[in-house]
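> mind looking at a prediction? Sequence and model below.
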Amino acid sequence: MDAEGIRELFADILAVRVRRMFGGHGIYDGETMFALEAGGEIWLKADAQSVPRFEAAGSAAFTYRKQGKPFAMSYWRLPDEALDDADMLKDWTRLAVEAARRGAKPATGLVRPPAPPRSRAHPR
């Protein structure tokens, strides 16, 4: 699925921002990434509160191989039925946006102080 197809999928729900990443796309509501596209599939952000809904729908977590072992991410496949049902897609999108917002780290406004300058003198 290309960026335009992703925008069209969510057009009746919210205006998404789509950004290429790792051979797929990150899908954003403002600055919050709530979904990703990989291999033509849409994967929605999930957390401890929403994973049971994904499991009940027969969904599976997005996994990839890391150092030869499978690694699961906190994104779950959008149930197929939601692609054909606008209300269902809206519900799943809302669930993902909420999970993404709960997991977002607030900006602290703190800036790391600059490192002290290195001495250019060489010890003898």
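Yep, it's here. Residues are numbered from 1 along each chain as shown.

> which secondary element of the chain has the worst mean pLDDT?
Here the helix or strand of the chain ranked lowest by mean pLDDT, DSSP states H and E is strand 61-66, holding a mean of 86.

> the next helix or strand after that one: which residues count as buried?
As assigned by DSSP states H and E, the chain's next helix or strand after strand 61-66 is strand 69-77. Using 16 or more other CB atoms under 10 Å as the test for burial, strand 69-77 gives Ser74, Tyr75, Trp76, Arg77. Using the backbone N, CA and C atoms, a C-beta is placed for each residue, glycine as well.

> just flag the most distant two among these.
Ser74 and Arg77 (12.5 Å; CB to CB).

> re the thing from before, between the buried residues of strand 69-77, which is closest to Leu9?
Arg77 (14.1 Å).

> tell me how far that closest one lies from Leu36.
Per CB to CB, to the nearest Å, Arg77 is found 11 Å from Leu36.

> shared neighbours, those two?
Taking CB atoms under 8 Å, 6 or more residues apart in numbering as the criterion, Arg77 and Leu36 both touch Ile42, Trp43, Phe62.

> wouldn't the last one be in contact with Met73 here?
Pointing back at Phe62 there. Yes: assessed by CB atoms under 8 Å, Phe62 is found in contact with Met73 at 4.7 Å.

> now list whatever residues contact both of the two.
By the contact definition CB under 8 Å, 6+ apart, Phe62 and Met73 are jointly contacted by Trp43.

> what's the closest of the buried residues of strand 69-77 to Val51?
Nearest to Val51 among the buried residues of strand 69-77, with distances taken as CB to CB, is Trp76, at 7.1 Å.
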